[in-house]
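*Asks:* Return a 3D structure for these sequence lines:
(chains A, B, C and D)
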2 protein chains.
Amino acid sequence: MANQASKNSKRTPCENCPLRRLAIFRDFAAEELAFVSNFKTGELAVDSGATILLEGTHSAHLFTVLSGWGFRYKMLDDGRRQILNYVMPGDIVGLQGSLMGEMQHSIEALSPVTLCVFERDRLNQLFTGHPDLAYDLTWIAAREERILDEHLLSIGRRSALERAAYLLSFLYQRAKVLDLFRGNRVAIPIRQQHVADTLGLSVVHTNKTLKKLADRGLIRWVDGGCNVRDIDGLLAIAEWKGISEHKRPFI
Amino acid sequence: MANQASKNSKRTPCENCPLRRLAIFRDFAAEELAFVSNFKTGELAVDSGATILLEGTHSAHLFTVLSGWGFRYKMLDDGRRQILNYVMPGDIVGLQGSLMGEMQHSIEALSPVTLCVFERDRLNQLFTGHPDLAYDLTWIAAREERILDEHLLSIGRRSALERAAYLLSFLYQRAKVLDLFRGNRVAIPIRQQHVADTLGLSVVHTNKTLKKLADRGLIRWVDGGCNVRDIDGLLAIAEWKGISEHKRPFI
DNA sequence: CGCCGGATTGACTAGAGTCAAAACGCGTGG
DNA sequence: CCACGCGTTTTGACTCTAGTCAATCCGGCG
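*Replies:* Take a look at the predicted model:
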């Protein structure tokens, strides 16, 4: 049958979704689960470094990240790049494009990423048939907005050191609730270039700034990324209270 | 009758909403109009400089701006302020807070502002009974996200001159489609301090930057604000294509 | 061993912040 | 009608943060 997962498709059934087990995500009602399960038309797996969605294109799909890390970014014509936010499991990508047409930002994978695929054409089914899910979708959009507000404050008004501390504590906290670090042995999979492009700094100055954080024992650069050693220290430098989320929806 | 506007209440009936007449906004179906009209519980008028919503509070309402200008901002504990975006007629304010609880940004009026008042408790009526309006709400949230993406790119990667040109052309374009300038005699009601707090610059440096734009004849500071003289010149400096919106929803 | 993509460093430059004084425009009170 | 005060815009001088350029270092890998 078409909507039954076969063994080779590697498809994770929604009933078995590993994200649902996490404390940070809310529970689904059986009926919602049934709809989402049917709404999901497939699964996409991409390699680290791959472009998931490209600015200027129209995608017929939107996705929920099932596993892996990525980032959203925009570029100026002359090549300057600004990273807008990072995407992690449970995040929806491509919603903007689905609602409004053309994508106005790109998304790239920082690690191998798997995504649940949804058809944008069936979004209205969600709105008409499932007000609760529609509410969740709006909630998720509002959450993204809130994060962008915070980033804007950071880039606009914090010093380089504060910005770096903010960003790393932000990423650490988001990943932490998703249980992405197995006992801290896994690092945030970014290069200093990503940090620079997120904070609006040059790589050189970013490096010097990160060095200060490392010298104070707050972070450490390892194999393929950054390891947070002292989250409270980072939060203090950033003059930030951190993310406060108890339960949140996902689709 | 309770839901009938009296003459003294100065209430603008939705059927008569001046915003509906603007080409930029989509049309309402009669049935939607009826719902919104009933959803609207009042009207709020505030003076220039007033705080409409305050960070850290819980508001029982959300609003649509009917007339006037304002801005959203966040502050760090030590007083540094970052303006996140501007609000103009047709914009919804307080949605984030309504969905997620506490407000995490403040909103202040730049001119006398009137707002349509809605009860946050009745938002779920909108989601359950009016999928089309729910869709619009999500669309509006996605639009705000898109604008923030653009601002982030600007603050992070554009030079001071480019940023200033971007911001002023952004505001000009938004106001233009709302027919807010009567033949260009009305200016954007901001001080240079607002520009500075939006661009992440000091007032002094902002002044020097704006001076360059003024010297080139692109803008002019008048009575209570900024006058755009050469929108194409600004767009060129900002290396920006401008806003492209045909019709958009509003509630 | 030599190549390659990051991470580091150092020297120099340029863009943006700070401090402080002046110039302006406008409303108010004498 | 004019002086005074206040909020803003302008300017100039000086400081400092962040950018640029260029070399070096380092670990992984063919």
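*Asks:* alpha carbons only for contacts and neighbour counts from here, please
*Replies:* OK.
*Asks:* which residues touch the residue of the stretch 1-150 of chain A at minimum distance from DNA strand C?
*Replies:* Using CA to the nearest atom of the strand, A:Gly49 is the residue of the stretch 1-150 of chain A that sits closest to DNA strand C, at 10.1 Å. In this structure, A:Gly49 makes contact with A:108-111, judged by CA atoms under 8 Å, 6 or more residues apart in numbering or on different chains.
*Asks:* close enough to count as contact, A:Pro249 and A:Phe25?
*Replies:* Yes - under the criterion of CA atoms under 8 Å, A:Pro249 makes contact with A:Phe25 at 5.7 Å.
*Asks:* where's the helix or strand where A:Ser98 lies relative to the chain centroid, distance-wise?
*Replies:* Assessed by DSSP states H and E, A:Ser98 sits inside helix A:95-100. The chain centroid and the centroid of helix A:95-100 are separated by 17 Å, computed with CA atoms, centre = their mean, to the nearest Å.
*Asks:* Also stretch A:189-204?
*Replies:* 17 Å.
*Asks:* likewise stretch A:107-121?
*Replies:* 11 Å.
*Asks:* can it be found next to chain B?
*Replies:* No - against chain B, stretch A:107-121 shows no contacts by CA under 8 Å from any CA of the partner chain, the least distance being 12.9 Å.
*Asks:* can you pull the alpha-carbon coordinates of that stretch into PDB?
*Replies:* Taking C-alpha atoms only, stretch A:107-121 is exported to PDB below (Å, rounded to 0.1, in the frame of the first residue of the first chain):
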ATOM      1  CA  ILE A 107      19.300  26.300   4.100                       C
ATOM      2  CA  GLU A 108      22.400  24.200   4.300                       C
ATOM      3  CA  ALA A 109      23.200  21.000   6.200                       C
ATOM      4  CA  LEU A 110      25.900  21.100   8.900                       C
ATOM      5  CA  SER A 111      25.800  17.400   9.400                       C
ATOM      6  CA  PRO A 112      24.000  14.500   7.700                       C
ATOM      7  CA  VAL A 113      20.300  15.600   8.000                       C
ATOM      8  CA  THR A 114      17.100  13.700   7.600                       C
ATOM      9  CA  LEU A 115      13.800  15.400   7.100                       C
ATOM     10  CA  CYS A 116      10.100  14.500   7.000                       C
ATOM     11  CA  VAL A 117       8.600  15.700   3.700                       C
ATOM     12  CA  PHE A 118       5.200  17.400   3.400                       C
ATOM     13  CA  GLU A 119       3.400  18.700   0.400                       C
ATOM     14  CA  ARG A 120       2.800  22.400   0.400                       C
ATOM     15  CA  ASP A 121      -0.400  21.900  -1.500                       C
END
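*Asks:* quick one: buried residues of it?
*Replies:* A:107-111, A:113-120 (16 or more other CA atoms under 10 Å in any protein chain shown).
*Asks:* what element comes up after the helix holding A:Ser98 heading to the C-terminus?
*Replies:* Following helix A:95-100 in sequence, per DSSP H and E, is strand A:106-109.
*Asks:* quick one on the thing from earlier: could you say which helix or strand holds the residue of the stretch 1-150 of chain A closest to DNA strand C?
*Replies:* Counting by DSSP H and E, A:Gly49 is part of no helix or strand.
*Asks:* Around DNA strand D, which positions in chain A sit nearby?
*Replies:* Proximity of chain A to DNA strand D, by CA under 7 Å from any atom of the strand, involves residues A:159-161, A:200-206.
*Asks:* hmm, which of those are the buried ones?
*Replies:* A:160-161, A:200-201, A:203, A:206.
*Asks:* Next up, the contacts around the residue nearest the centre of chain A.
*Replies:* Compute the mean C-alpha point of chain A, and by CA atoms, centre = their mean the closest residue is A:Val87, 1.4 Å away. When contacts are counted by CA under 8 Å, 6+ apart, A:Val87 touches A:65, A:69-72, A:93.
*Asks:* Looking at these, which are in strands?
*Replies:* Under the assignment DSSP state E, the contacts of A:Val87 contribute A:65, A:70-72, A:93 to strands.
*Asks:* Now the two most distant members of the residues you listed.
*Replies:* Farthest pair in these (CA to CA) is A:Val65 and A:Arg72. Separation: 12.8 Å.
*Asks:* Could you report the neighbour count for A:Leu178?
*Replies:* Neighbourhood size, A:Leu178 [other CA atoms under 10 Å in any protein chain shown]: 16.
*Asks:* Give me the pLDDT for it.
*Replies:* As predicted, A:Leu178 sits at a pLDDT of 95.
*Asks:* any idea how far it lies from A:Arg248?
*Replies:* With distances taken as CA to CA, to the nearest Å, A:Leu178 is found 12 Å from A:Arg248.
*Asks:* What about A:Lys241? Give its phi and psi, please.
*Replies:* phi -90, psi -10 (degrees, to the nearest 10).
*Asks:* Ok, A:Glu43 next?
*Replies:* With angles defined as degrees, to the nearest 10, A:Glu43 sits at phi -140, psi 140.
*Asks:* And stretch A:211-226, end to end?
*Replies:* Start-to-end, stretch A:211-226 (CA to CA) is 12 Å.
*Asks:* what is the rounded mean pLDDT of it?
*Replies:* pLDDT averaged over stretch A:211-226 gives 94.
*Asks:* Any idea how far it is from the middle of the chain?
*Replies:* When C-alpha coordinates are averaged (CA atoms, centre = their mean), stretch A:211-226 and its chain have centres 22 Å apart.
*Asks:* now swap in stretch A:234-250 and tell me
*Replies:* Using CA atoms, centre = their mean, the offset of stretch A:234-250 from its chain centre is 15 Å.
*Asks:* again, but for stretch A:183-202
*Replies:* Centroid separation between stretch A:183-202 and its chain, computed with CA atoms, centre = their mean, is 14 Å.
*Asks:* How about residues contacting it?
*Replies:* Outside stretch A:183-202, the residues that touch it by CA under 8 Å, 6+ apart are A:69, A:81-85, A:110-111, A:155, A:160, A:163-164, A:167, A:171-172, A:180-181, A:203, A:206-207, A:222, A:224-228, B:155-157.
*Asks:* For it, buried residues please.
*Replies:* Here stretch A:183-202 shows A:187-190, A:192, A:194-201 as buried, counting by 16+ other CA under 10 Å.
*Asks:* first to last residue in it, what's the distance?
*Replies:* 32 Å.
*Asks:* Could you give the average pLDDT over it?
*Replies:* In the prediction, stretch A:183-202 has an average pLDDT of 93.
*Asks:* quick revisit: which ones among the ones in strands among the contacts of A:Val87 come in contact with chain B?
*Replies:* Of the residues in the ones in strands among the contacts of A:Val87, proximity to chain B by CA under 8 Å from any CA holds for none.
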